[in-house]
Structures are given as C-alpha cells and as structure tokens.
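Novice: Turn this into a model:
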Amino acid sequence: MTDYSFPKSAKLRKSAEFRQIYDGQVRAGDDHLLVFASWNDLGETRCGLSVSKKHGNAVKRGRLKRLMREAFRHVRHELPGGVDLILIPRQNSGATVDDYKRSLKGIFRRLLKRLPPRS
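Specialist: Below is the predicted model:
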C-alpha cells in the first residue's frame with residue numbers, strides 16, 4: 001500500500017536550504033508551476049513552497065499552498081529520491097490539485113535532464 005503521508009522530513013523549512021536550491025539555478029516551469037530543483041544526500045525527495053503576496057491575501061496564499069502540498073503528497077512516491085524541490089505557483093492560473101499533479105510530473109522529468117550529475 002502506498003504511503004501518502006507528508007512527514008516533516010519531506011519538507012524544506014530552513015532559509016539556507018531554499019537559498020542553496022535557488023543558487024543552483026536549475027528550474028523548469030509550465031502554465032501552473034515554476035519548480036527549482038537540486039540534489040540532496042538524504043535519498044528522499046523533499047518539497048518547499050514559495051507563494052508571494054502577489055497571489056493575494058493570506059487566505060488565497062494558504063489555499064494555493066494546500067493545493068500544492070496535496071499534489072506533491074500524491075506524486076511523491078512516483079518521483080525518484082534524493083531531490084529537493086521548491087514549488088512556486090503561477091499567478092492567475094486557476095489550477096486544481098489535478099493540474100498541479102500533472103505539472104509536477106512533467107516538470108520533474110525535465111528537471112532530471114537539467115540537473116548536473118551527482119557528485
């Protein structure tokens with residue numbers, strides 16, 4: 001049975017972790033998401049969310065975060081381990097959880113080709 005949980009170990013929480021991924025400058029996007037990626041040494045794919053105030057008030061930003069977390073939670077077991085991701089929603093995309101799931105899978109395939117080989 002597939003584990004659809006989202007434990008703390010699968011979340012990016014420190015600003016240094018975010019900065020390291022942004023500094024790597026490996027990114028891909030589509031109509032719904034922009035995703036930055038970097039390798040990690042943990043063997044687990046982790047996710048961080050970044051939703052700016054351009055997306056609206058706290059209620060709207062919170063909803064976007066919930067939708068993206070839910071999408072990641074459902075596709076996490078399909079993604080190879082050892083990658084850190086930062087998900088950024090596109091403005092006014094009107095995306096649903098299913099849209100985010102499809103976007104995440106497609107973008108992740110492109111990101112794996114762009115990431116430098118593991119050291």
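Novice: Could I get the full set of strands for this protein?
Specialist: With DSSP state E as the criterion, the chain has strands at 27-29, 33-39, 46-49, 83-89.
Novice: Export those to a markdown table and append columns for mean pLDDT and distance to residue 74.
Specialist: C-beta: built from backbone N, CA, C; applies to glycine. A markdown table is the format used below for the strands of the chain (pLDDT from 0 to 100; distance: least, C-beta to C-beta, whole Å):
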| stretch | mean pLDDT | distance to residue 74 |
| --- | --- | --- |
| strand 27-29 | 96 | 20 |
| strand 33-39 | 96 | 14 |
| strand 46-49 | 96 | 12 |
| strand 83-89 | 96 | 13 |
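Novice: How about the residue most central in space within the chain, nearest residue that isn't a chain neighbour?
Specialist: The centroid of the chain falls nearest to residue 87 when counting by C-alpha atoms, centre = their mean (3.5 Å). Excluding the flanking residues, the one nearest residue 87 by C-beta to C-beta, 6 or more residues apart in numbering is residue 68, at 5.0 Å.
Novice: ok so, going back, TSV for the strands of the chain, including distance to residue 57?
Specialist: As requested, those are exported to TSV (distance: least, C-beta to C-beta, whole Å):
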stretch	distance to residue 57
strand 27-29	24
strand 33-39	21
strand 46-49	17
strand 83-89	15
